[in-house]
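Participant: okay, predicted coordinates and the sequence, questions at the end:
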Amino acid sequence: MQLTGQRIKLLPFDSTDRDLFIENSMCPKMMEHVYDPLSYSEAEEAFAIKSRPWVAEGDSWLSLGITALSTGDKLGNIGLKVVNHQAKIAEVGFMIKPTAQGQGFAAEALALLIAYAHSELKLNKLVATCSVNNVGSYRLLEKVGFIREGCLQHNAIINNKYIDDYVYGLCMPFAN
């Protein structure tokens with residue numbers, strides 16, 4: 001499986017995605033709005049889990065590396081996890097390395113993933129959760145059509161602080 005856009009391609013995680021995933025997962029700045037930074041061994045274990053083969057009927061993440069077509073540089077990752085098989089609902093998540101942020105790569109990756117979720121997976125709805133302080137992420141979700149459906153107060157603990165999260169949804173047109 002490969003999803004190709006104008007400037008990027010998305011491929012299932014492989015060994016070439018490992019270093020950036022571990023680096024991002026351990027970085028306090030990158031994890032500021034996601035979860036507490038991981039140790040090296042925790043990040044290695046998380047990568048091993050996320051890089052396992054994916055099946056749509058399962059309960060694991062479809063984790064895709066984001067690669068620049070022009071340079072081959074690894075830019076980050078994006079993925080989805082079916083959270084309700086009967087209702088055909090999947091959660092999405094993404095992470096772009098700091099030097100690639102603000103350049104439209106995440107929007108292109110998310111658009112590719114939305115199209116795949118609709119046309120190939122026949123999903124009914126995509127959902128996303130992000131910290132109310134993660135302005136870049138929630139603006140991106142809104143830019144590509146997600147609707148803010150609510151705010152969950154004290155929904156997570158990051159760095160020993162309670163964090164409020166926004167919940168977003170994107171209903172797919174004509175899902176089966």
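Facilitator: Noted; the coordinates are in hand. Please read these numbers as outputs of a predicted model, since none were measured by experiment.

Participant: beyond the helix or strand containing Leu11, next helix or strand please.
Facilitator: Assessed by DSSP states H and E, Leu11 sits inside strand 8-12. Counting by DSSP H and E, the element after strand 8-12 in chain order, helix or strand, is helix 18-26.

Participant: list the buried ones in that following helix?
Facilitator: Arg18, Leu20, Phe21, Ile22, Asn24, Ser25 (16 or more other CB atoms under 10 Å). C-beta here means a position set from N, CA and C on the backbone, and glycine is covered the same way.

Participant: report the distance from it to the chain centre.
Facilitator: 14 Å (CA atoms, centre = their mean, to the nearest Å).

Participant: which residues of this structure fall in helices?
Facilitator: Ranges of helices in the chain, per DSSP state H, are 18-26, 28-31, 40-50, 105-119, 135-143.

Participant: TSV for those helices, including mean pLDDT?
Facilitator: Below are the helices of the chain laid out as TSV (pLDDT from 0 to 100):
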stretch	mean pLDDT
helix 18-26	89
helix 28-31	78
helix 40-50	92
helix 105-119	95
helix 135-143	93
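
Participant: these: which one's closest to Leu11?
Facilitator: Set against Leu11 and scored by CB to CB, the helices of the chain come closest in helix 105-119, at 11.2 Å.

Participant: show residues contacting the closest one.
Facilitator: 3-8, 10, 64, 66, 68, 75-76, 78-80, 90, 92, 94, 96, 123, 126, 140-141, 143-145, 170, 172-173, 175 (CB atoms under 8 Å, 6 or more residues apart in numbering).

Participant: for stretch 119-139, which positions count as buried?
Facilitator: Buried-residue list, stretch 119-139, by 16+ other CB under 10 Å: 121, 123-131, 134, 137-138.

Participant: what's the most distant pair in the residues you listed?
Facilitator: Going by CB to CB, the pair spanning the buried residues of stretch 119-139 furthest: Leu121 and Ser131, at 26.8 Å.
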